[in-house]
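# Fold the following, please.
(chains A and B)
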Amino acid sequence: MNAVANAALASWALDFRVAAPLLLAALVYMRGWLRVRRQLRDPRDPGRLACFLAGLAVLFLAIESPLDSFDHFFLSAHMTQHLLLMMVAPPLLLLRHPIVPLLRGLPKTFVKEGLGPFLTWPALRRVLRALTSPPAAFALFAVSTIFWHLPAFYELALNSSALHGLQHACFFWTGILFWWPVIQPGPGKAPYPRWTAIPLLLAGDLVNTALSAFFVFSGRVLYPAYEIVRAGRMSAQEDQTLAGLIMWVPGSIIYLIPALAIAVRLLSSDRLVQRPTRVRVQPRPIRSPLPIVKLRRPAQALMLVIALAVMADGFFGNQFAPLNLAGVLPWIYWRFLSVFALLAIGNLFCFACPFTFVRDIGRKFLPARLRWPRALRSKWLSIALLVAYLWAYEALGLWDNPAATACLIAAYFLSALAIDGFFRGAAFCKYVCPIGQFHFVTSLVSPREVRIKRAQVCQSCSTYDCIRGNVHSRGCELNLFQPKKFGNLDCTFCLDCVRACPHSNIAILPSPPAATLLADPYRSSLGRLSKRTDVAVLALVIIFGAFVNASQMVSPVISWALELPIALAAIVLLLCCAPKSFSLGLVPLGVSMWAAHLLFHFAGAVLPASVFTALARSAQILLLDAGLLLSLYIGWRNAQLYSARKLFPAWSILAAALYTFGVWIFFQPMQMRGMLH
Amino acid sequence: MKLVLSLLFAAVLAFADGGAVLFRQQSGPFLVTVFGSPQVGSTDFSVLVQNASDRSPMLDAEVSIAVAHQLAAATHAQATNKLLYATSIRFFRPGEYSLQVRVAQMEKGGAYIDHDIVVSPTPAPWLAYWPCFALVPVAILLFALNQWLKSKRTQRPPAPP
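Model (predicted):
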């Protein structure tokens, strides 16, 4: 293969904004397909999955492959791209009834509460029925095809990425509308007789043939852009003829074969469709404890080795932070990875905590018999430590001081050993550790939690091993009684309860992010959050800390002196004027700010500069968007829960102000701490 | 109109190959086409180098772009379309600039092209991210519609038996 062909084949765009939605669609479909497959033992199932995935693959090929990179150079490449978008991807996506697997692949609550009202909205159904009626679908398809191939509009699209994207979107979506009445993928009875697909396909072929013939026989170059930019020996006229032939021959085959197949089917006597048999789904048997349980000790040991290496390098290595493990690993990599693990799975850092690993070893020699003082059984001590940590991070420049970082880690090991060596339970985790508190609050928006599978099993349990422990494992050291545990607060993901449960009734299960903030039930070992001022203050410190910490990266623009009084005033105002749970409603926004800020440092360290510049800010804003929307939703629900609707406007203004402040910070030139840039 | 156009143009990724044809010029044995949409801030330039006699693309040339007191090597690695040579130049002020393209190839020798380009002012940086910002009001509107539909459904009288 020559060099030009090699270069052409290597010209893939790979834009995450295209790849991510396609991948998401594939995952949702596969999830739904697996569920439907369990229910209907349908032998056609693999074909169903293959069709949909092939449709997505064709879409990816059309938008991201060298076809896209060369559409400015060759009309033939561009027409192949259009053919894939209009005539190949839509029918593949619509074949074999994709709607049911797509809906089953989405979270049940989202489909029921979020999509349900739209799917059953008569006005919307009428509009969709009108759009997918054969005359309307054909008209839209034909108008879109002809309009975008008029030289003036075609050239306009060629010179603007945005219009080019719009052109492709029009082709794809009118393609979906056109193929809808042909394939009739919707659940329920088709609104039009089957034969209507035949004239529709013939009409589509007519438009395609007319356009192709115009390309082939026009005798002049229709799009002058291809005369200016040519990257080969083929003339623009020859290229246009080739484009016309590509549209004409494969295009016609795509229209005529289905028309013929439908006609044959309608004329044949064997039209009985064998319905798949519905199989009654048996409830899933309770499985043995998760394999992840066995991973805890190895994960802790690994983190211990890393922590020791960081301490050694911090004490004895090069004190230039970007060249020291203590300057890079904790502040750039670990902070980002632990927050993203929280957002993607759950509290994985506490699961692999090296400090409790050392503590567990120490306990073999230390008594651990004392009870933690009653006066300290709250979050106030850890709040003070968290504030001190946030202050020290900036004031002592921890991020720029490997020796101080190593000292901090050593102090952590000693504190864990000293406190839990003498006091019973996990007093260090529950009442002292500021990192743990940060993770507890952040894990309120995690998509998974450790909880019971079936309430009936716990009702019949008389041993309460999950909290008391047994010979196999100790019970929950943080006093979380599983049947009354609600949400991730105070859960270290240690999985002791999973190991201890004799009925294998406890597991890491999916849970909608922040769903536990939508109600205020009695929570084991915590009580009602609406009565816990310390928990509310802890959450507010973490929320406002996110913004204050990020703004220090742009410290020449804004200073502590201005920010702190405003943050303190807002915290006091929230605590005095609103129920305590309202403060927790801002947790998603605070977590998204932490994630967006830490993403900036992490992406800056690992991504090439061009990719970083293009993607980092979009990803940061999208994270803040998600945080704001979730916070607004929780606030709205809390306003109803506490009959405090008048509070909601003021509260949402505060959330919007925090969002605006966060966005403003991201548009300032930010320090690239701990990196060689 | 200007604002709408700038909004439409701004959401494009910064990878090369973007932009319209800025100019096309023959110099010695090379036919050089430069693509780009120069504006204040970081701008991607892509260069297509062709053999002037048969228009076949030349992939083994060394290409550099000099403009606004900056010199940058354009490479295939920075381009999505590997037939092009791409690089990024940062402009600090709008106005007219002289853009020089130097092309060198082992067998054919070198060429130098000088062309004036106009750098347009950039829209406010946050305008470039309008799709990200639009997500919030769109989601709120959809939520409001969702709630309205739900309330309508609960108010609907039950169907007669």
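
# use CA for all of it now, contacts and neighbours both
OK.

# what's around the closest residue to residue A:370 other than its chain neighbours, how many residues?
Among residues not flanking residue A:370 along the chain, residue A:423 sits closest, at 4.5 Å (CA to CA, 6 or more residues apart in numbering or on different chains). Neighbour count for residue A:423, taken as other CA atoms under 10 Å in any protein chain shown: 19.

# Check the one 4 residues further on too.
Here the number of neighbours of residue A:427 (other CA under 10 Å) works out to 21.

# Let me see the contact set for it.
A:372, A:419-420, A:478 (CA atoms under 8 Å, 6 or more residues apart in numbering or on different chains).

# Just the ones of these in strands?
Of the contacts of residue A:427, none are assigned to strands by DSSP state E.

# most neighbours, which of these?
Using other CA under 10 Å as the neighbour test, these are led by residue A:420, with 26 neighbours.

# didn't that one look like it was pressed against residue A:368?
Yes. Using CA atoms under 8 Å, residue A:420 is in contact with residue A:368, at 6.3 Å.

# before we move on, the earlier item: can you tell me which of the contacts of residue A:427 comes closest to chain B?
Nearest to chain B, judged by CA to the nearest CA, of those is residue A:478 at 38.4 Å.

# Could you report the neighbour count for residue 95?
In the absence of a named chain, chain A is used. Using other CA under 10 Å, residue A:95 is surrounded by 20 other residues.

# hmm, I had chain B in mind actually
Applying other CA under 10 Å, we find 13 residues neighbouring residue B:95.

# How about the contacts made by it?
Per CA under 8 Å, 6+ apart, neighbours of residue B:95: B:118-120.

# Same list, these, but as a markdown table with neighbour count please.
Shown next, in a markdown table, are these (neighbours: other CA atoms under 10 Å in any protein chain shown):
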| residue | neighbour count |
| --- | --- |
| B:118 | 15 |
| B:119 | 19 |
| B:120 | 16 |
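
# quick check, nearest of the residues you listed to residue A:115?
Nearest to residue A:115 among the contacts of residue B:95 is residue B:120, at 44.1 Å by CA to CA.

# And the closest one, how far from chain A?
According to CA to the nearest CA, to the nearest Å, residue B:120 stands 16 Å off from chain A.

# Retrieve the pLDDT associated with that residue.
For residue B:120, the model assigns a pLDDT of 88.

# So it sits against residue B:40, correct?
Yes. Using CA under 8 Å as the test, residue B:120 is close enough to residue B:40 to be in contact (6.4 Å).

# Now list whatever residues contact both of these two.
By CA under 8 Å, 6+ apart, residue B:120 and residue B:40 have these common neighbours: residue B:94.

# quick one: which of the contacts of residue A:427 sit in helices?
Mapping the contacts of residue A:427 onto helices (DSSP state H) picks out A:419-420.

# Among the contacts of residue A:427, which pair sits farthest apart?
Most distant of the contacts of residue A:427, by CA to CA, are A:419 and A:478, 14.2 Å apart.

# any weak-confidence spans in the chain?
Because you didn't say which chain, this covers chain A. A:1, A:41-44, A:229-232, A:269-290, A:555-561, A:609-611, A:613-614, A:670-677 (pLDDT under 70).

# Oops, wrong one, chain B.
B:1-19, B:156-161.

# elements contacting the longest helix seen in it?
Assignment by DSSP H gives helix B:130-155 as the longest helix of chain B. Applying 3 or more CA pairs under 8 Å, 6 or more residues apart in numbering or on different chains; DSSP states H and E, one finds that helix B:130-155 makes contact with helix A:116-119, helix A:609-641.

# Please identify the most buried of these.
helix A:609-641 (a mean of 20; mean count of other CA atoms under 10 Å in any protein chain shown).

# could you give the angle of that helix to helix B:130-155?
30 degrees (axes from the mean of the first three to the mean of the last three CA atoms, to 10 degrees).

# and the following helix or strand past helix A:609-641, which residues are buried?
Sequence-wise, the next helix or strand downstream of helix A:609-641 (DSSP states H and E) is helix A:647-666. For helix A:647-666, the neighbour count (16 or more other CA atoms under 10 Å in any protein chain shown) marks A:647-648, A:651-652, A:655-656, A:658-659, A:662-663, A:665-666 as buried.

# same thing with stretch A:331-345?
For stretch A:331-345, the neighbour count (16+ other CA under 10 Å) marks A:331-333, A:335-340, A:342-345 as buried.

# Stretch A:350-370 now?
Buried positions in stretch A:350-370, judged by neighbour count with 16+ other CA under 10 Å: A:350-360, A:362, A:366, A:368.

# Residues contacting stretch A:628-639, please?
For stretch A:628-639, contacts defined as CA under 8 Å, 6+ apart pick out A:514, A:517-519, A:581-582, A:585-589, A:644-648, A:651-652, A:655-656, A:659, B:136, B:139-140.

# Narrow those residues to those that are buried.
If you count burial by 16+ other CA under 10 Å, the buried members of the contacts of stretch A:628-639 come out as A:514, A:517-519, A:581-582, A:585-589, A:647-648, A:651-652, A:655-656, A:659, B:136.

# so residue B:88 sits in a strand?
Yes. Assessed by DSSP: H, G, I helix; E, B strand; the rest coil, residue B:88 belongs to a strand.

# For it, give its distance to residue B:97.
15 Å (CA to CA, to the nearest Å).

# So for the two, which residue has more residues nearby?
Neighbour tally, residue B:88 and residue B:97, criterion other CA under 10 Å: the higher count belongs to residue B:88, 21 against 15.

# was I right about the more buried one contacting residue B:47?
No. Using CA under 8 Å, residue B:88 makes no contact with residue B:47, being 11.5 Å away.

# just to revisit the earlier point, what's near enough to touch the residue nearest to residue A:370?
By CA under 8 Å, 6+ apart, residue A:423 lies in contact with A:368-372.

# next one: residue A:18
Neighbours of residue A:18 in contact, by CA under 8 Å, 6+ apart: A:60, A:63-64.
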